[in-house]
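> Could you look at this predicted model? Sequence included:
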Amino acid sequence: MGRGNNSAVTEFILVGFTVIPQLQTAFFILLLSIYIFTVTANVIIISTVRAEPHLHKPMYFFICNFSLMEMWYTTALIPKMMAGLVTGNKAISVQDCIAQFYFIFGFGAAVNFLLAVMSYDRYLAICHPLHYTTVMTSRVSGYLVLFAWTAGLFAPVMPAVWISTLYFCGPQDIDHFFCDFAPVLNLSCTDTSLVEVTFFMFSWTIILGCFLFTMVSYAHIISTVLRIKSPFGRQKTFSTCTSHLAVVSIYYGSAIFMYVRPTSRTTFSWDKVVSIFYSMVTPLFNPIIYSLRNQEVKKALRKVITQHCGQI
C-alpha cells in the first residue's frame, strides 16, 4: 500500500493481554514481583561472585555477565508494561517503539552469544582439562564476554534502521505486550519484504548459529563424560554444566519457535503466550537454576549471608 493521503502514525498502542479491570491490580503486582525478584536475584549472584575469591573463575565471570544481560533485558520490557497498567496509557511513540525493539533484541542477541561462549568454556573444562587454565585465561574470558556484548548490541542495528524507514499510516494497535518484530511490521503501509528478509537472516544467523555451536560443544562433552568409567566421576563431571544445559534448553526452545520461521506464518495471539516464557519466565528462573543447582554458589551465598549477619 502506498502512502496516499493517509497521515503518518506517530505512536502505537501496545494492546498486550486483555485484563479484566478487577484483575488489573493483581496483574500489576505479579509483574512487579517478577521484576523485583529477577533483578534482586541477579544482583545477589553478581555480588556473591564478586565477594568470594574462590568464585573468581571464568565460569562465574560468564554467569555474572549473563545475570547483567538478563537484568537489562527485563528492564527494557516489564517497566513499560507496568506503567501501562498503572496509568491506563498503553501508547508508545514510534521512536520509543523502535528503541525498545533494539534493546530487547540487542540484549537477547547478547544472551545468545554468551550462552555459546559458556558452552565453549564447559567444553574446554571437561574435554581438555589439562589445557583449560592456560587457554581460558582472564584475558581470554574478558575478550569473549566483550565479543558477546559487542556482537549482541550490534546485531539488531540493521533491522532497527530498516524499521525506522517504514511508513505507518494506521492502524495503531500492536497486538503484543512489547514492540516485537512481526506485530510492528504488520502495521506498515509500505513494502516490508526487504526488512523481513533482513530480520529473518538476523534470526537464523544468530539463534541457529549459536544453538548449533552449543549443541556441538555438548556433543563433545557428552562423548567425553560417557568415556569416564566411574559412575560417580561421570555424575560429578556432568554436574558442572547441567545448569547451563537447562538454561539453553528452556531459552532456545521458545526462541527458535518464535523467530526461526517466516513472519507471514505468525499468529500473534499464540505468540504472546510463547513470548511470556522467553521474556519473563526464563529470566525469572535462570537465577534459581544457577544458584540453587550450583553447590559452590550456594556455599558462597551462605558464607556471605553469615558474614553479613555477623556484622549487624
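Perfect, thanks for sending it.

> residues of the longest helix seen in the chain that come out buried?
If you go by DSSP state H, the chain has its longest helix at helix 94-127. Neighbour-count burial for helix 94-127, counted by 16 or more other CB atoms under 10 Å, picks out 94, 97-126. Heads up, the C-betas are built off the backbone N, CA and C, glycines and all.

> Show me the helices in the stretch 201-312 of the chain, by range?
Using DSSP state H, counting those that start in this stretch, the helices of the stretch 201-312 of the chain run over residues 209-226, 231-239, 242-259, 268-276, 282-292, 295-311.

> Tell me which helix or strand comes right after the longest helix of the chain.
Reading on from helix 94-127 to the C-terminus, the next helix or strand found by DSSP states H and E is helix 129-135.

> tally of neighbours for the nearest residue to residue 55 once chain neighbours are set aside?
Distances taken as CB to CB, 6 or more residues apart in numbering put residue 49 closest to residue 55, at 4.7 Å, once the chain neighbours are dropped. Number of residues near residue 49 (other CB atoms under 10 Å) recorded here: 21.

> With residue 223 instead?
Counted with other CB under 10 Å, residues neighbouring residue 223 total 10.

> any idea how far residue 122 is from it?
To residue 122, residue 223 is 13 Å away according to CB to CB, to the nearest Å.

> How about residue 152?
Counting by CB to CB, the gap from residue 152 to residue 122 is 20 Å.

> Ok, residue 160 next?
For residue 160, the distance to residue 122 equals 33 Å [CB to CB].

> try residue 100
To residue 122, residue 100 is 33 Å away according to CB to CB.

> And the strands in the stretch 1-150 of the chain?
Using DSSP state E, counting those that start in this stretch, the strands found in the stretch 1-150 of the chain span residues 11-14, 91-93.

> Quick check: buried residues in the last one?
This points to strand 91-93. Using 16+ other CB under 10 Å as the burial criterion, the residues of strand 91-93 that qualify are residue 92.

> which residues are contacting it?
In this structure, residues lying in contact with strand 91-93 by CB atoms under 8 Å, 6 or more residues apart in numbering are 10, 11, 12, 13, 14, 80, 100, 179.

> same check, this time on the longest one
Outside of strand 11-14, the residues within contact range by CB under 8 Å, 6+ apart are 80-81, 84, 90-94, 97, 168, 172-174, 176-179, 184, 187.

> Listing partners with orientation, what would you give for that strand?
strand 91-93 (antiparallel), strand 173-174 (parallel) (DSSP bridges).

> possible to save those strands as TSV with distance to residue 303 and mean pLDDT?
What follows is the strands paired with strand 11-14, written out as TSV (distance: least, CB to CB, whole Å; pLDDT from 0 to 100):
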stretch	distance to residue 303	mean pLDDT
strand 91-93	45	92
strand 173-174	47	88
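
> Would you format these as JSON lines with distance to residue 279 included?
Below are the strands paired with strand 11-14 laid out as JSON lines (distance: least, CB to CB, whole Å):
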{"stretch": "strand 91-93", "distance to residue 279": "16"}
{"stretch": "strand 173-174", "distance to residue 279": "15"}
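
> I'd like to know which of those strands is closest to residue 307.
strand 91-93 (44.7 Å; CB to CB).
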